[in-house]
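Chemist: just a sequence and a predicted model for now, questions to come.
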Amino acid sequence: MAIHADHELHRRRFGRNLGLGLVLGAFVILVFGLTIVKVSRQDEHGNPPGMEASQ
């Protein structure tokens with residue numbers, strides 16, 4: 001048990017911080033996933049699909 005009870009303002013702030021943290025985490029996962037897809041679709045020379053390798 002806490003020494004003193006949390007103020008109502010702290011509970012609201014925690015809820016907002018938790019929501020913002022989840023949104024930022026989802027954004028990081030989205031950017032990471034798009035990066036993995038983009039990198040995995042390149043050939044050994046770094047060319048995107050459908051592009052001929054220059055010789």
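Modeler: Here it is on my side, so go on.

Chemist: can you tell me the element the most centrally placed residue in the chain falls in?
Modeler: By C-alpha atoms, centre = their mean, the chain has its centre lying nearest to residue 28, at 1.2 Å. Using DSSP states H and E, residue 28 maps to helix 8-40.

Chemist: so where's this structure uncertain?
Modeler: Applying pLDDT under 70 to the chain picks out residues 1-2, 5, 53-55.

Chemist: one more pass at 80, please.
Modeler: Applying pLDDT under 80 to the chain flags residues 1-6, 42-46, 48-55.

Chemist: and the closest residue to residue 49 other than its chain neighbours, how far from residue 34?
Modeler: Distance criterion C-beta to C-beta, 6 or more residues apart in numbering; nearest residue to residue 49, sequence neighbours excluded, is residue 41 at 5.6 Å. Yep, even glycine has a C-beta here, placed from its N, CA and C like the rest. In this view, residue 41 and residue 34 are 11 Å apart by C-beta to C-beta, to the nearest Å.

Chemist: ok, now residue 9?
Modeler: Taken as C-beta to C-beta, the span from residue 9 to residue 34 is 38 Å.

Chemist: before we move on, what about residue 10?
Modeler: Counting by C-beta to C-beta, the gap from residue 10 to residue 34 is 36 Å.

Chemist: what's the answer for residue 27, then?
Modeler: Between residue 27 and residue 34 the computed distance is 11 Å (C-beta to C-beta).

Chemist: so residue 46: helix, strand or coil?
Modeler: coil (DSSP: H, G, I helix; E, B strand; the rest coil).
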